[in-house]
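Q: Predicted structure and sequence below. I'll ask about it afterward.
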Amino acid sequence: MGRRSFKQTLTIRVNDEEELKKLIETLTKRLSSIDMYVVSRQNWVKIRFYGDLDEVRYAVRECKRIYKEIVASKIPDKYGFYKFSIPSLLSDAQLKVAIPVKLLGLLLEVRGYETRIENILLITKAPYEVVVRTAEELSKAYYESLKVPLTPTARRALTLYGIVNQKPLKEALRELIGRKILVKKGGVYHLTRNINEVLEEIV
């Protein structure tokens, strides 16, 4: 006996074309294994999910959550904070290599945007465009740093120092060696002290 097929339709009112596009793109990425049919008209989008009961229920819950994420990333709360889903954010950004999200948060803080990380959310006063641009900048610097043999913590420190002080990689490396923050052991650069102390000092 085959599986029983279910369907459920969800209707969502979107605020603009950009929101609609983002919703459909995200649904396609995150729910690629679930059959769905999407129809949009003016400010409304109708999404019909097909599958077994558990699949359909999951898809409806996830769709509602995705839409809430999209709205929260566009409109700040009463305290001025935007809420970004970290997986969605990193998917949207054009990253050359993966980046440490905590370092992204710290860089936003250094640039004057109050930021914190809660589970899979980046909560910040920086708007979406700024966060994506900063993530891409950090990823580019991280990619450049791969030319230098560094421990993971040393790479974070060097990358952040270079970006904050607008220094090319080699110059940033020389300065951190000169300040006795980096030392070479066994062909690899290491921090001379705890990463948290170093980050406080260099920013």
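A: Now that the structure is in, tell me what you want to look at.
Q: Quick check: bridge partners of His190?
A: His190 has these beta-bridge partners by DSSP bridges: Val183.
Q: Walk me through the domains of this protein.
A: As recorded under automatic domain parsing, the domains making up the chain are 6-74, 76-144, 147-203.
Q: Any chance of a markdown table for the ones you listed, columns mean neighbour count?
A: For glycine as for every other residue, the C-beta is placed from the backbone atoms N, C-alpha and C. Shown next, in a markdown table, are these (neighbours: other CB atoms under 10 Å):
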| stretch | mean neighbour count |
| --- | --- |
| domain 6-74 | 15 |
| domain 76-144 | 17 |
| domain 147-203 | 16 |
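Q: Show me the contact partners of the biggest helix by length in the chain.
A: The longest helix of the chain (DSSP state H) is helix 53-74. Taking contacts as CB atoms under 8 Å, 6 or more residues apart in numbering, the residues outside helix 53-74 that touch it are 4, 6-8, 10, 12, 15, 19, 22-23, 26-27, 30-31, 34, 36, 47, 49-51, 82-85, 88-89, 128.
Q: Ok, stretch 97-117 next?
A: With CB under 8 Å, 6+ apart as the criterion, stretch 97-117 contacts 81, 86, 90, 122-126, 130-131, 134-135, 138-139, 142-143, 146, 156, 159-160, 163-164, 199, 203.
Q: Helix or strand for Gly80, just tell me which one.
A: For Gly80, there is no enclosing helix or strand under DSSP states H and E.
Q: Quick check: phi and psi on the nearest residue to Glu137 once chain neighbours are set aside?
A: Nearest non-adjacent residue to Glu137, counting by CB to CB, 6 or more residues apart in numbering: Ile163, 6.5 Å away. When read as degrees, to the nearest 10, the backbone of Ile163 gives phi -70, psi -50.
Q: Please state the offset of the longest helix of the chain from the chain centre?
A: Mean C-alpha position of helix 53-74 versus that of the full chain (CA atoms, centre = their mean, to the nearest Å) differs by 18 Å.
Q: Just to be careful, could you list which of the contacts of helix 53-74 are in strands?
A: 6-8, 10, 12, 36, 47, 49-51, 82-85 (DSSP state E).
Q: Could you point out which of these is nearest to Leu176?
A: Phe84 (30.7 Å; CB to CB).
Q: quick one: contacts for the residue lying closest to that closest one once chain neighbours are set aside?
A: Excluding its sequence neighbours, the residue lying closest to Phe84 (CB to CB, 6+ apart) is Leu122, at 4.6 Å. By CB under 8 Å, 6+ apart, the contact list for Leu122 reads 83-84, 86, 89, 101, 104-105, 115, 131.
Q: When you compare pLDDT across those residues, which one is lowest?
A: The lowest pLDDT within those belongs to Leu89, with 89.
Q: give me every residue that touches that one.
A: Per CB under 8 Å, 6+ apart, neighbours of Leu89: 73, 122, 131-132, 135.
Q: Using CSV, list the CA coordinates for the host helix or strand of Glu200.
A: Counting by DSSP H and E, the element that carries Glu200 is helix 195-202. Provided in CSV are the C-alpha atoms of helix 195-202 (Å, rounded to 0.1, in the frame of the first residue of the first chain):
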residue,chain,number,x,y,z
ILE,A,195,42.8,35.3,21.5
ASN,A,196,40.3,37.3,23.6
GLU,A,197,43.1,39.5,25.0
VAL,A,198,44.6,39.9,21.5
LEU,A,199,41.3,41.0,20.0
GLU,A,200,40.7,43.5,22.7
GLU,A,201,44.1,45.0,22.1
ILE,A,202,44.1,45.2,18.3
